[in-house]
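>>> quick one: sequence plus predicted model below, questions after.
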Amino acid sequence: MRCFIVFLVVLGLCSCGNLSKSEFELLSPDEGISLSVGVDAEGIIRYNIHHGDELLVSKAALGIVVDSLDFTQNVMITSASKSSFSEVWEPVWGQFSEIENSYNQLELIVSKEAGQSLKIVFRLFNDGIGFRYELPGEGEAVISQETTQFNMASDNAAWWVAPCWENDEYIYQNTKLSEVTVELRNQSAPEGHASHFACETGFNTPVTMKTPEGTYLSIHEAAIWNYPGSSLCLNPDNLEITVSPAPTENYLAKVELPFHTPWRTITIGERPGDLIESSLILNLNEPLALDDVSFIEPMKYVGIWWEMHVKKSTWEMERSENHGANTANVKRYIDFASENGIRGVLVEGWNQGWDGWMNFNFTTPYPDFDMQELAAYAKAKGVQIIGHHETGGQVVNYMNQMEDAYRYYQENGLSSLKSGYVGSIDGQHHYNQWMVNHYNDAVVTAAEYRLSLNVHEPIKPSGISRTYPNLLSGEGMRGQEFNAWSSGNSLNHHSILPFTRNLAGPMDYTPGIFDLQLLNSVNAAYAQLKTIEERKAYDFKHRVKSTLAHQLALYVVFYSPVQMAADLPENYEGHPAFQFIRDVPVDWADTKVLDAEIGAFCVTARKDKHSDDWFVGGITNEEPRQQHIELTFLEEGASYEATLYADAPDADWDLNPTSYGITSMKVKKGDFIDVEMAGGGGFALSLKRQ
């Protein structure tokens, strides 16, 4: 159901003391967040944000330079108006079946002496703020600078990754703002694949913070269209946006007027879970643009992927005896998916071009891969093949083939694909305007061919999936594959991601590894060791740092409408814990974060969109933890069959990660369950209404 109320008040100019010559104020609908904005003595627009009585942002500057017009100083506010809006809308898929979108809005007309003007629009929600620049007129304009600031009023704790215009696959740091250094930036991006840092000290967004008074906030951006993605740079007196430029030009964006920038956003909450439960980023995007969404299908999937990362098989065919994407092997995965109620099978390495990592061809399979036979076989088994398009960073080559490639998938009955952009991008930055336009054009064009996308090495999510929900998910973080061939992900990585990267949008982390010590692949020698002393001395070069129960919990703690059961089928076959992966949905009616501390633990409950069942996942970092779960979210008077998958008493992420137990019980609203989580461990709980 939709409803909305709008009212408009036009304000006169007022003189308001020490911040500005002309100052305006705006309150959130519940009056918990307040904004004040005005012009200081130098003609610079500045704003403050309070959460209750706490000052969060202090005298932060706003400004933009368009053609020869410099709106960063010597400006005046010539008019202002306020309005309010409220609606309830239903996403095609998501963390909630209904989303409330209520805000108060302030529009300021900002002018230069010569009469040129722009508009700055602020929207204040109960859970944060969004603001953007709107440029009037017609014809082409060049935006050469943006000087948006987020000056923090206190020395906040922050969870951050290095400020890079190419990548977000980095290690999270947790420091105070005053403690951020170049050395820590380099520790965040240690493996040689970082390039084009935005600044010496700063962050890519979302960056999440906790104030000394205990307020949580996350800075990001919403609705990135025809404009570069941004990073935040720490300067001595401010935290300022740096937008990814055109590499060979002295500008940020060339646009057609009228035009508006992406929304600059701050999500605000009193507890960590408030950030996850917020829909602010989605609410700042335009409504659904598609007339037909019947082809869009949230799903779980398996695939020919992990076996290449652990070197059981290869992507390329010509120089390999173990090419993974051959017809017989794909059929094996299709059979496994069909037998276990899993809808999708991802196939990587099916097309020509992998051997030289050059000139990928997206309509020509390798000779040992029969697309038509496999598409028909999958259809008969009730399974969808998810095709793969790795560009190798050769985006012009991909753009030249994209429509033919999409048509090829459509003609063969495929409705989902995973794309990839590994490597340098044809002389462009991953996050500049040219690449943003390509990423978004791929989404819009895919919708025309009734295809859904899961984009790896993406531009950061910014909520455009509200408008184009065929953009199902993406990567944009240090994912599971790092555990197969690098030093791996840290024990606190999973308890940071829900409050950072996953706040931007769905996250295809690829959980569900059961062979956690990679004993069936790179660490096979470990299985031959007999004594505990020998095992303690074994040097695991590669492994997954978690328990099995922790891996199950990630299907609930991490949000994505497509979730991979990432391990090899043989590691799942006959395994009792695989039942949770069979059962857990990917599309939700409600989401509640029951308890959390960023970087330490997270416990999340979600209600299935298509039943009355609930699922709970809990994870912890290296610290063992007892979790008390109050089942207050269940329906009054209903009975539920609870099945708990939890770490066994002897579970240990390092030496005994696969030790777990399954317990069943009857529960109802008001009951509680106590769970022991091992270090690096967790639990998964299904609650099926009887």
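Arrived safely, thanks for sending.

>>> for residue 546, list the residues it contacts.
491, 494, 516, 619, 653, 657, 680, 681, 682 (CB atoms under 8 Å, 6 or more residues apart in numbering). (Glycine included, C-beta is placed from N, CA and C.)

>>> what about residue 249, neighbour count?
Residue 249 has 12 neighbours, counted by other CB atoms under 10 Å.

>>> for the remainder of this discussion, apply numbering that starts at 24.
Got it, first residue is 24 now, which makes that one residue 272.

>>> who's in contact with it?
Taking CB under 8 Å, 6+ apart as the definition, residue 272 has no contacts.

>>> strands along the stretch 424-573 of the chain, start to end?
439-443, 475-478, 494-497 (DSSP state E, counting those that start in this stretch).

>>> which among the ones you listed is found nearest to residue 382?
Closest approach to residue 382 among those (CB to CB): strand 439-443, 15.4 Å.

>>> pLDDT of that closest one, averaged?
Strand 439-443 comes out with an average pLDDT of 98.

>>> what is it packed up against?
Judged by 3 or more CB pairs under 8 Å, 6 or more residues apart in numbering; DSSP states H and E, strand 439-443 is in contact with strand 407-413, strand 475-478.

>>> walk me through which strands that strand pairs with, and which way each runs.
strand 407-413 (parallel), strand 475-478 (parallel) (DSSP bridges).

>>> following the chain onward from the worst-scoring helix or strand of the chain on mean pLDDT, which element is next?
Ranked by mean pLDDT, DSSP states H and E, the weakest helix or strand in the chain is strand 30-34, scoring a mean of 36. The helix or strand immediately downstream of strand 30-34 is strand 46-50, counting by DSSP states H and E.

>>> so how far is the next helix or strand after that following strand from its chain's centroid?
As assigned by DSSP H and E, the chain's next helix or strand after strand 46-50 is strand 56-62. From the chain centre to the centre of strand 56-62 is a distance of 30 Å (CA atoms, centre = their mean, to the nearest Å).

>>> returning to what we had before: which one of the contacts of residue 569 sits closest to residue 104?
Using CB to CB, these come closest to residue 104 at residue 517, 45.2 Å.

>>> count of residues packed around the nearest residue to that closest one once chain neighbours are set aside?
In space, not counting the residues next to it along the chain, residue 517 is nearest to residue 642; the distance is 5.4 Å by CB to CB, 6 or more residues apart in numbering. Neighbour count for residue 642, taken as other CB under 10 Å: 34.

>>> mind giving me the packing neighbours of the one helix or strand residue 642 maps to?
Here residue 642 sits within strand 637-643, counting by DSSP H and E. On a contact count with 3+ CB pairs under 8 Å, 6+ apart, strand 637-643 meets helix 571-580, strand 624-631, strand 648-653, strand 695-700, strand 705-712.

>>> repeat the analysis, applying 10 Å as the threshold.
helix 571-580, helix 601-606, strand 611-620, strand 624-631, strand 648-653, strand 662-670, strand 695-700, strand 705-712 (3 or more CB pairs under 10 Å, 6 or more residues apart in numbering; DSSP states H and E).

>>> so where's this structure uncertain?
24-44, 214-216 (pLDDT under 70).

>>> follow-up on the earlier one: now the strands of the stretch 424-573 of the chain in TSV, with mean neighbour count?
Formatted as TSV, those follow (neighbours: other CB atoms under 10 Å):
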stretch	mean neighbour count
strand 439-443	24
strand 475-478	26
strand 494-497	26
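
>>> one step back: report the angle between the strand holding residue 642 and strand 662-670.
Put simply, strand 637-643 runs at 20 degrees to strand 662-670, going by axes from the mean of the first three to the mean of the last three CA atoms, to 10 degrees.

>>> how far out from the middle of the chain is strand 637-643?
19 Å.

>>> do the same with stretch 99-118
Counting by CA atoms, centre = their mean, stretch 99-118 comes out at 23 Å from the chain centroid.

>>> what's the answer for stretch 368-385, then?
Distance, centroid of stretch 368-385 to centroid of chain: 26 Å (CA atoms, centre = their mean).

>>> again, but for stretch 641-654
24 Å.

>>> wouldn't residue 46 be in contact with residue 129 here?
No - contact between residue 46 and residue 129 fails when scored by CB atoms under 10 Å: they sit 11.4 Å apart.

>>> and for residue 397, the neighbour number?
23.

>>> does it belong to a helix, a strand or coil?
Three-state assignment for residue 397 (DSSP: H, G, I helix; E, B strand; the rest coil): helix.

>>> same question for the one 5 residues further on.
Recorded secondary structure, residue 402: helix (three-state DSSP).

>>> buried set for stretch 212-222?
The neighbour-count criterion (16 or more other CB atoms under 10 Å) identifies 212, 217, 219, 220, 221, 222 as the buried residues of stretch 212-222.

>>> can you say which of the contacts of residue 569 are buried?
Of the contacts of residue 569, these count as buried by 16+ other CB under 10 Å: 514, 517, 539, 642, 676, 680, 703, 704, 705.

>>> okay, those in TSV with distance to residue 635 next?
Converted to TSV, the buried ones among the contacts of residue 569 look like this (distance: CB to CB, whole Å):
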residue	distance to residue 635
514	35
517	28
539	33
642	25
676	34
680	33
703	33
704	29
705	24
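
>>> ok, those vs residue 262, which is closest?
Of the buried ones among the contacts of residue 569, the one sitting nearest to residue 262 (CB to CB) turns out to be residue 517, at 26.8 Å.

>>> ok, now how distant is the closest one from residue 410?
For residue 517, the distance to residue 410 equals 29 Å [CB to CB, to the nearest Å].

>>> repeat that for residue 63.
Counting by CB to CB - residue 63 and residue 410 are separated by 55 Å.

>>> these two: who's more crowded?
residue 410 (25 against 16).

>>> now do the helices in the chain.
Taking DSSP state H as the criterion, the chain carries its helices at 205-211, 295-300, 303-306, 329-332, 350-362, 394-403, 418-434, 456-471, 505-508, 524-527, 555-560, 571-580, 592-595, 601-606.

>>> which of those helices sits most buried?
Ranked by mean neighbour count, the helices of the chain are led by helix 571-580 with a mean of 29 (mean count of other CB atoms under 10 Å).

>>> chain center to it, what's the gap?
17 Å.

>>> angle of that helix against strand 695-700?
120 degrees.

>>> quick revisit: what's the closest of the strands paired with strand 439-443 to residue 87?
strand 475-478 (28.4 Å).

>>> gap between the closest one and the chain center?
On CA atoms, centre = their mean, the centre of strand 475-478 falls 13 Å from that of its chain.

>>> mutual contacts of residue 46 and residue 129, please.
residue 60 (CB atoms under 10 Å, 6 or more residues apart in numbering).

>>> residues near the residue lying closest to residue 327 once chain neighbours are set aside, how many?
Of all residues not flanking residue 327 in the chain, residue 347 sits nearest, at 4.6 Å (CB to CB, 6+ apart). Residues near residue 347, counting by other CB under 10 Å, number 25.

>>> enumerate every residue touching residue 347.
Per CB under 10 Å, 6+ apart, neighbours of residue 347: 326-331, 335-340, 353, 356, 370-373, 392.

>>> one step back: among the buried ones among the contacts of residue 569, which one sits closest to residue 592?
So of those, ranked by how close each gets to residue 592 (CB to CB), first place is residue 539, at 16.5 Å.
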